[in-house]
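[1] what's the 3D shape of this:
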Amino acid sequence: MFSKGQLVFALLFFVAFVIAISWAYIKDKKGNSFFFKGTYKILLFVVFVFFALFGVVKIKHHFFP
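    As a prediction, this is how the structure comes out:
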């Protein structure tokens, strides 16, 4: 499906992308902790809403096919 060159390029691109993102995150880590305090609460809320909606849909399909 993909040539060997395309797979090598994809792998190298992925590795370079992960390194660049990691470097940028580490560089901004100090500023992020100051400006974005308490963002874990928002993340937990979003995860909770996702699972709640998933549960509602599963229950709906179980009882009302």
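
[2] Output the below-cut-off pLDDT ranges for the protein.
    For the chain, no stretch has pLDDT under 70.

[3] okay, which residue is most central for it?
    Leu43 (10.9 Å; C-alpha atoms, centre = their mean).

[4] How about the secondary structure of that one?
    helix (DSSP: H, G, I helix; E, B strand; the rest coil).

[5] Relative to Phe9, how far out is it?
    Distance, Leu43 to Phe9, using C-beta to C-beta, to the nearest Å: 33 Å. All C-beta spots, glycine's among them, are computed from the backbone N, C-alpha and C.

[6] List the contacts of the residue nearest to the centre of the chain.
    Not one residue lies near Leu43 by C-beta atoms under 8 Å, 6 or more residues apart in numbering.

[7] which parts of the helix or strand encompassing Val56 are buried?
    For Val56, the host element (DSSP states H and E) is helix 39-63. Buried residues in helix 39-63, counted by 16 or more other C-beta atoms under 10 Å: none are found.

[8] Select the longest helix from this protein.
    helix 4-35 (DSSP state H).

[9] Okay, buried residues for that helix please.
    Under 16+ other C-beta under 10 Å, helix 4-35 has no buried positions.
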